[in-house]
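Enquirer: Provided below for reference: sequence and predicted model.
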Amino acid sequence: MTDKIITTTIDILGKLYPIRCPESELKSLQQAAAFLNQKMLEVKESGKAINVERIAIITALNIAYQFLQSDQQKTSLMSKINQRITLLQDKLDTTINKAMQTELIYTAE
């Protein structure tokens, strides 16, 4: 079953944009548009940019920077998790080997 393509309208800084998207993605598109609009309003209200093009570029740079920071944090966290898993696996292997050696000693007697 294919997803129906619909046309919706999003509002960015008071300007309406018709957008086509799969019907199943409408809610996500609306959330993304609301997020983008809020971030662009923040840039506009900060006075750092006056025209819409500059507001859009600064907003895009801010979002890209935040995304890259989150991605780096995720990578660092995954590395720490993998190190911890390796440490736990080593401890389990050591404990299992000791238990097996003890079992061999008792069964040999």
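Expert: Cool, the structure landed. Numbers count the residues shown, from 1 in each chain.

Enquirer: what distance separates the biggest helix by length in the chain from the centre of its chain?
Expert: If each helix of the chain is counted by residues according to DSSP state H, the longest one is helix 52-108. If you compare the mean C-alpha spot of helix 52-108 with that of the full chain, they lie 16 Å apart, counting by Cα atoms, centre = their mean, to the nearest Å.

Enquirer: give me the low-pLDDT residue ranges for the chain?
Expert: Where the chain drops to pLDDT under 70, the residues are 1, 104, 106-109.

Enquirer: three-state assignment of residue 49?
Expert: Under DSSP: H, G, I helix; E, B strand; the rest coil, residue 49 falls in the coil class.

Enquirer: Number of residues surrounding it?
Expert: Other residues near residue 49 come to 16 when the count uses other Cβ atoms under 10 Å. The C-beta positions use only the backbone N, C-alpha and C, and glycine is treated the same way.

Enquirer: quick one, what contacts the closest residue to it other than its chain neighbours?
Expert: On the basis of Cβ to Cβ, 6 or more residues apart in numbering, the spatially nearest residue to residue 49 that is not a chain neighbour turns out to be residue 55, at 4.5 Å. The neighbours of residue 55, taking Cβ atoms under 8 Å, 6 or more residues apart in numbering as the test, are 13, 40, 43, 44, 49.
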